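K.L.:
Mind looking at a prediction? Sequence and model below.
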Amino acid sequence: MAAANCSRTLSWTFYLSGIPGHEDFHPWISLPFCLLYLAGVVGNCTILHVVRTDPRLHEPMCYFLAMLSLTDMGMSLPTMPSLFRVLWSRSREIQFSSCVVQMFLIHTFSFTESSVLLAMALDRYVAICHPLRYATLLTPALIAKVGIAALLRSAVATIPLLARLAFFPFCGSHVLSHSYCLHQDMIRLACADTRFNVIYGLVLIMALWGLDSLGIFVSYVFILRSVLGISSPEGRCKALNTCVSHICAVLILYVPMIGLSVVHRFATQSPPLVHILMAHIYLLVPPVLNPIIYSVKTKQIRQGVLRLLFPPKIGSAVM
């Protein structure tokens, strides 16, 4: 019976929503979304290309930044086909299996990005508190293991949450409130006891995002204590300046993420437009802003981007 229910669920069709009440303006609304997606893809691909091709950027901080670019694109790219299909052609159908794959990619890369930000905080801790051991502690092999472990942890933790959806009956509406699939959105449509998914989802957020954010906070406590021990104001300012980009990246991820979780769980009576805007800010803002922030605030990346955009002589003259 369970196998039959699972098979039936996998064949079900769901319907995505665009911007309710503004369907006639969907082609125009799609323009800023398209520009943001393109900006995110171009920015992150530029970071990846610069880090890969410039030997001077083959250092721990830049490797972690490349991981951040990969996770940013992993979060946003899976939503592009369904978003533009809804806004451009008004084709709203999506199969349950496709929905699960989309949810898996979005949630896995969201958790992975949080882990990468924790690794970047530890990178800043080692660079500031143990500068003489920086190169020996953060080897390329260790960084690769950290990236693989972060991805595996996120994927394994996400699977039970989504696997249980295959056994839920969806006997009422099959209309999702976004132009892509989110777990919090789908369990509202289930005609079954969803307490496991609700509780497991909260535990997952606290265990992954919560522990990651706690680790970031503790890292900065030690960083701040070490910085305050620097005698010269210039040295303190220089040390703190190396952390500005990372702090911005943390805020850019966590603020929309917390806002989206709060809106879905505790603000169910708020207008649909609020849910939709929060969901798209959560996926669009980090991939667009992170490359800009790191290109502006991080000297090595800024120099690498200038060397890519301009011939070597012009780039060196600009610097």
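P.N.:
In hand now; what should we look at? Numbers count the residues shown, from 1 in each chain.

K.L.:
Assign the nearest residue to Met103 once chain neighbours are set aside to one of the three secondary structure states.
P.N.:
Closest residue in space to Met103, ignoring its immediate chain neighbours: Cys181 at 4.9 Å, by C-beta to C-beta, 6 or more residues apart in numbering. Yep, even glycine has a C-beta here, placed from its N, CA and C like the rest. Secondary structure assignment for Cys181 (DSSP: H, G, I helix; E, B strand; the rest coil): coil.

K.L.:
Show me what the helix or strand where Leu308 lies is packed up against.
P.N.:
In this assignment (DSSP states H and E), Leu308 forms part of helix 299-309. Contact here means 3 or more C-beta pairs under 8 Å, 6 or more residues apart in numbering; DSSP states H and E; on that basis helix 299-309 packs against helix 26-53, helix 60-76, helix 272-297, helix 312-318.

K.L.:
could you dump that helix to PDB, C-alpha only?
P.N.:
Extracted in PDB, the C-alpha atoms of helix 299-309 (Å, rounded to 0.1, in the frame of the first residue of the first chain):
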ATOM      1  CA  LYS A 299      42.500  43.400  -2.700                       C
ATOM      2  CA  GLN A 300      43.600  40.100  -4.200                       C
ATOM      3  CA  ILE A 301      40.200  39.500  -5.900                       C
ATOM      4  CA  ARG A 302      40.000  43.100  -7.100                       C
ATOM      5  CA  GLN A 303      43.400  42.900  -8.700                       C
ATOM      6  CA  GLY A 304      42.600  39.500 -10.300                       C
ATOM      7  CA  VAL A 305      39.400  40.900 -11.800                       C
ATOM      8  CA  LEU A 306      41.200  44.000 -13.100                       C
ATOM      9  CA  ARG A 307      43.900  41.700 -14.700                       C
ATOM     10  CA  LEU A 308      41.100  39.800 -16.400                       C
ATOM     11  CA  LEU A 309      39.300  42.900 -17.600                       C
END
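
K.L.:
Out of the helices and strands packed on helix 299-309, indicate the one that is most buried.
P.N.:
When neighbours are counted by mean count of other C-beta atoms under 10 Å, the highest per-stretch mean among the helices and strands packed on helix 299-309 falls to helix 60-76, a mean of 24.

K.L.:
starting at the chain centroid, how far to stretch 202-216?
P.N.:
14 Å (C-alpha atoms, centre = their mean, to the nearest Å).

K.L.:
Repeat that for stretch 166-178.
P.N.:
25 Å.

K.L.:
What's the end-to-end length of that stretch?
P.N.:
Start-to-end span of stretch 166-178 (C-alpha to C-alpha, to the nearest Å) is 20 Å.

K.L.:
Flag every buried residue along that stretch.
P.N.:
Within stretch 166-178, the residues scored as buried using 16 or more other C-beta atoms under 10 Å are 166, 168, 170, 176-178.

K.L.:
Identify the residues contacting stretch 135-149?
P.N.:
58, 60, 63-64, 67, 115-116, 119, 123, 126, 130 (C-beta atoms under 8 Å, 6 or more residues apart in numbering).

K.L.:
Kindly recompute the last result at 10 Å.
P.N.:
58-61, 63-64, 66-67, 70-71, 112, 115-116, 118-119, 122-123, 126-127, 130 (C-beta atoms under 10 Å, 6 or more residues apart in numbering).

K.L.:
got any ranges where the stretch 1-150 of the chain has weak pLDDT?
P.N.:
Filtered on pLDDT under 70, the stretch 1-150 of the chain yields the residue ranges 1-11, 20-23.

K.L.:
Swap in 80 and give it another go.
P.N.:
For the stretch 1-150 of the chain, applying pLDDT under 80 flags the ranges 1-12, 17-27, 29-30, 81, 87, 89-92.

K.L.:
Could you point out which residue ranges in the stretch 151-300 of the chain have low pLDDT?
P.N.:
171-173, 177-178, 184, 230-231, 235, 257-280, 296-300.

K.L.:
in it, which spans are strands?
P.N.:
With DSSP state E, counting those that start in this stretch as the criterion, the stretch 151-300 of the chain has no strands.

K.L.:
what ranges do the helices span in it?
P.N.:
Along the stretch 151-300 of the chain, counting by DSSP state H, counting those that start in this stretch, helices occupy 183-186, 195-204, 211-228, 233-241, 244-266, 272-297, 299-309.

K.L.:
Turn those into TSV, columns for distance to Phe84.
P.N.:
What follows is the helices of the stretch 151-300 of the chain, written out as TSV (distance: least, C-beta to C-beta, whole Å):
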stretch	distance to Phe84
helix 183-186	19
helix 195-204	28
helix 211-228	32
helix 233-241	39
helix 244-266	21
helix 272-297	13
helix 299-309	28
